[in-house]
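Colleague: Fold the following for me, if possible:
(chains A and B)
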2 protein chains.
Amino acid sequence: MRFDHAGIATDDAAALVDLYGGLFDAPVAHEETFGELSVTFLDLGNGYFELLEPVADADGPVSAYLERSGPGIHHVALETDDIEAALDVAREAGVDRIDDEPRQGAWGHDVAFLHPSSTGGVLVEYVEH
Amino acid sequence: MRFDHAGIATDDAAALVDLYGGLFDAPVAHEETFGELSVTFLDLGNGYFELLEPVADADGPVSAYLERSGPGIHHVALETDDIEAALDVAREAGVDRIDDEPRQGAWGHDVAFLHPSSTGGVLVEYVEH
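Modeller: The predicted structure is shown next:
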């Protein structure tokens, strides 16, 4: 596995695109609206920042996160060549999964989240490109 | 700039070394006691997880973070070839710095933190190896 991205919850992705672009030399690699989220990937060369901004009147987990904790680092995603095998390893280790099977995430990738209660408080996403 | 590591606050680094080692195939790359912290870097191939566990009776920012928020993702670190230039760019952009000059961090690296109030709630560390 390798680092894929850090997901950042924000209520102003456009401002972070400008700020992070200038500070970190991180251009936009991909943008889309995915479900209730506007999702923007900024390229760090060896991975991405994924900016997550709920669309108007959204009512999902990122909105809840922003209300509870404010903007900030929401999750860390690791890239795997075999997401089914990665989930098998997690299952065998007794790690709770938010997604017990891969589902389609942003950018057309297969994704699955582990539950932070099982992973030291860290919301971990597996990504297979 | 490129991704260097995600810093993870924990009260049981040894458990995360075992768990993350098994789940993510991430072996220990470096361990040291740095100030009030036991610091463990796990190798992700293109970057690291940095586990931060306060030593007994520690009373610093990671201890405060654990008390306030519990264990989880504490910061994201980006590697730069010129940390002074990176801080100049942040200064000119009006971004508040926790460290206005580089200081020595773990693993002998030069580091400087930006203030999350200026960076969308994300505690960002610059690292020069």
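Colleague: Let me know the pLDDT of A:His30.
Modeller: For A:His30, the model assigns a pLDDT of 98.
Colleague: As a quick check, tell me the outermost residue of chain A.
Modeller: Largest separation from the mean C-alpha position in chain A: A:Glu92, at 23.7 Å (Cα atoms, centre = their mean).
Colleague: List the buried residues of stretch A:6-19.
Modeller: A:6-10, A:13, A:16-17, A:19 (16 or more other Cβ atoms under 10 Å in any protein chain shown). C-beta: built from backbone N, CA, C; applies to glycine.
Colleague: tell me, which of the residues you listed make contact with chain B?
Modeller: A:6, A:8-10, A:16, A:19 (Cβ under 8 Å from any Cβ of the partner chain).
Colleague: Now do the strands in chain A.
Modeller: A:2-9, A:28-34, A:37-43, A:48-54, A:72-79, A:103-104, A:110-113, A:124-128 (DSSP state E).
Colleague: could those go into a markdown table alongside distance to B:Gly108?
Modeller: Shown next, in a markdown table, are the strands of chain A (distance: least, Cβ to Cβ, whole Å):
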| stretch | distance to B:Gly108 |
| --- | --- |
| strand A:2-9 | 22 |
| strand A:28-34 | 32 |
| strand A:37-43 | 29 |
| strand A:48-54 | 27 |
| strand A:72-79 | 25 |
| strand A:103-104 | 42 |
| strand A:110-113 | 35 |
| strand A:124-128 | 29 |
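Colleague: Nearest to B:Tyr65, out of those strands?
Modeller: Across the strands of chain A, B:Tyr65 has its closest neighbour in strand A:72-79 (11.8 Å, Cβ to Cβ).
Colleague: what helices or strands is that closest one leaning on?
Modeller: Under the contact definition 3 or more Cβ pairs under 8 Å, 6 or more residues apart in numbering or on different chains; DSSP states H and E, strand A:72-79 sits against strand A:2-9, strand A:124-128, strand B:72-79.
Colleague: can you give me the mean pLDDT across the shortest one?
Modeller: Model confidence over strand A:124-128 averages 98 on the pLDDT scale.
Colleague: Relative to it, what are the paired strands and their orientations?
Modeller: strand A:72-79 (parallel), strand A:110-113 (antiparallel) (DSSP bridges).
Colleague: okay if I get those as a markdown table plus mean pLDDT?
Modeller: Formatted as a markdown table, the strands paired with strand A:124-128 follow (pLDDT from 0 to 100):
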| stretch | mean pLDDT |
| --- | --- |
| strand A:72-79 | 98 |
| strand A:110-113 | 98 |
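Colleague: Could you look over those and pick the most buried one?
Modeller: With neighbours defined as mean count of other Cβ atoms under 10 Å in any protein chain shown, these peak in mean count at strand A:72-79, which reaches a mean of 23.
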